[in-house]
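Q: Mind folding the following:
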Amino acid sequence: MVRCLWLLPLFATLLLLSSCSKKSATLTLLVWEGYADPSFVHSFEEQEHCKVSASYMGNSDELVAKLRGGSAGNYDVISPSSDVATSIAAGELAAPLDLSRIPTYNQLSPQLTSLPLVRVNGKVFGVPFMWGPNPMIYDTTAFAKPPESWAVLWDPKLRGKISAWDDLSTVYMAAQILGFDKPDPSQLYNLSDEQLDAVKKKLVELKPNIRKMWSTGGELTNLFQNHEIVAAMGWPLMTNQLRKINFPVGETIPKENTTGWIDHLMITAGSENKDLAYKFLEYMVNAGTQKKVTDVTGYTPANPQAAQFMTADGVKNLHLDDVDNYQKHIYFWQNVPRRAKYNEIWNEVKAAQ
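A: Below is the predicted model:
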């Protein structure tokens, strides 16, 4: 035993190095804005002795392009929306999940977990995280009452006073104006060439009213805050941000209804931190964390048990007391089989003079 004492400093050094290694672990995210806010991420970092490093995406195609471009190994966790989640799973860009490692999955809304969006060959590739609409956001000082229709965005009186999201959601919105979602809302994601040509024409007519297109939530918030625009399609996140600075903001779902999204958390196939990633997914769908995420984003949590931590007004504002009726006005994004064609049309709109 005495002859082994010289090994003790070596063992101590190895233990120290092992501990440092665990503390320096970094979990990398590629997610939507608001999904890595320090108000809830910091507790996870302390709990797991790690660092969370987040990058943000402006639209779903940006996420897919990065994953297919060989960047999948640069990220551990992603938050794809329901329009690309299926293709990411089918393309083996995400890892199939062992749901036994995410016990809180059983608390998530069956309305969300029962959808086939992230199921491929009997395997589940993502957990529902947050959901919500793409509402019309407007400056209440510019409108006597809430706008009733998306058609107001084409009003000549608003020339140079609106913004448009640089995303296919704007294509879906124009298709709704043209009635292509009747009688089947899923048609929005399966438009024919003739319908896409009509959408293109409609969106080109909108261009004189567009002051600037936005790609990130912060951009749209700034456009309103600087009084450059008075209306746009946006996210509840921007409404939340503007309310916090006492901007006179309104939010509404027009009579044509709107599209919306279900964001999922996925672990990338190339992640080298899958154990830590599983812990992160479990932490993020926990009811307590979900409430904190809604505080930042204004989105509706996938875990309805988050309501126990909210005020009655908070529950009402997030429609957790009226989920079925509220979701009737939201056509959740679906996989778009001809996504390349949609992007072609959208790029032609942006290039039009």
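Q: what mean pLDDT would you report for stretch 180-188?
A: Averaging pLDDT along stretch 180-188 yields 96.
Q: And for that stretch, what's in contact with it?
A: 172, 175-176, 191, 195, 198-199, 256-257, 259, 331, 334 (Cβ atoms under 8 Å, 6 or more residues apart in numbering). For glycine as for every other residue, the C-beta is placed from the backbone atoms N, C-alpha and C.
Q: starting at the chain centroid, how far to it?
A: Computed by Cα atoms, centre = their mean, to the nearest Å, the chain-centroid distance of stretch 180-188 equals 22 Å.
Q: so where do the helices sit in the protein?
A: 8-23, 38-48, 60-66, 85-90, 110-113, 169-177, 193-206, 217-225, 236-244, 274-285, 287-297, 312-317, 323-327, 339-351 (DSSP state H).
Q: list the buried ones in the last one?
A: Buried residues in helix 339-351, defined by neighbour count with 16 or more other Cβ atoms under 10 Å: 339, 342, 345-346, 349.
Q: where in the chain is pLDDT low?
A: Confidence mapping of the chain against pLDDT under 70 gives the ranges 1-24, 71-73.
Q: domains for it, by residue range?
A: 24-131+262-327, 133-259+334-351 (automatic domain parsing).
Q: can you tell me which of the helices of the chain comes nearest to A151?
A: Among the helices of the chain, the nearest to A151 by Cβ to Cβ is helix 169-177 (6.1 Å).
Q: Check the offset of that closest one from the chain's centre.
A: 18 Å.
Q: what do you get for stretch 177-194?
A: Relative to the centre of its chain, stretch 177-194 is centred 23 Å away, using Cα atoms, centre = their mean.
Q: Please export the alpha-carbon coordinates of that stretch; CSV is fine.
A: The C-alpha coordinates for stretch 177-194 follow below in CSV (Å, rounded to 0.1, in the frame of the first residue of the first chain):
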residue,chain,number,x,y,z
ILE,A,177,-57.0,35.6,-48.7
LEU,A,178,-57.7,33.9,-52.1
GLY,A,179,-59.8,31.2,-50.4
PHE,A,180,-57.5,28.3,-51.3
ASP,A,181,-58.0,26.9,-47.8
LYS,A,182,-61.6,26.2,-48.4
PRO,A,183,-63.0,23.6,-47.7
ASP,A,184,-59.7,21.9,-46.7
PRO,A,185,-57.1,24.0,-44.8
SER,A,186,-54.4,21.4,-45.6
GLN,A,187,-54.6,22.6,-49.2
LEU,A,188,-52.5,25.6,-48.1
TYR,A,189,-49.5,23.2,-48.0
ASN,A,190,-50.4,21.4,-51.3
LEU,A,191,-51.1,24.4,-53.7
SER,A,192,-51.2,23.7,-57.4
ASP,A,193,-49.1,25.6,-59.9
GLU,A,194,-52.1,27.6,-60.9
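Q: So for L115, what's the nearest residue that isn't a sequence neighbour?
A: Nearest non-adjacent residue to L115, counting by Cβ to Cβ, 6 or more residues apart in numbering: I262, 7.2 Å away.
Q: How far does stretch 336-347 sit from its chain's centre?
A: How far stretch 336-347 lies from its chain's middle: 20 Å, per Cα atoms, centre = their mean.
Q: How about residues contacting it?
A: Contacts of stretch 336-347 (Cβ under 8 Å, 6+ apart): 61, 83, 87, 168, 170-171, 189-191, 193, 196-197, 199-200.
Q: Confirm for me that the residue nearest to L115 is in contact with P116.
A: No - in this structure, I262 is not within contact of P116 by Cβ atoms under 8 Å, at 11.8 Å.
Q: so what's the spatially closest residue to E92 that is not a sequence neighbour up against?
A: Distance criterion Cβ to Cβ, 6+ apart; nearest residue to E92, sequence neighbours excluded, is A269 at 5.8 Å. A269 makes contact with 72, 92-95 under the criterion Cβ under 8 Å, 6+ apart.
Q: where's A269 relative to S60, distance?
A: 18 Å (Cβ to Cβ, to the nearest Å).
Q: Same check on E344?
A: Distance of E344 to S60, computed by Cβ to Cβ: 16 Å.
Q: okay but T289 is in contact with F280, surely?
A: No - T289 is beyond contact range of F280, at 10.1 Å (criterion: Cβ under 8 Å).
Q: re earlier: is the residue nearest to L115 in a bridge, and if so with what?
A: Beta-bridge partners of I262, counted by DSSP bridges, are W131.
Q: Closest to E33 out of the contacts of stretch 180-188?
A: Nearest to E33 out of the contacts of stretch 180-188 is T259 (Cβ to Cβ; 18.5 Å).
Q: Report the contact partners of that closest one.
A: When contacts are counted by Cβ under 8 Å, 6+ apart, T259 touches 133-134, 169, 172-173, 176, 188, 330-333.
Q: Which of these sits closest to S215?
A: For the contacts of T259, the closest approach to S215 (Cβ to Cβ) belongs to S169, at 12.1 Å.
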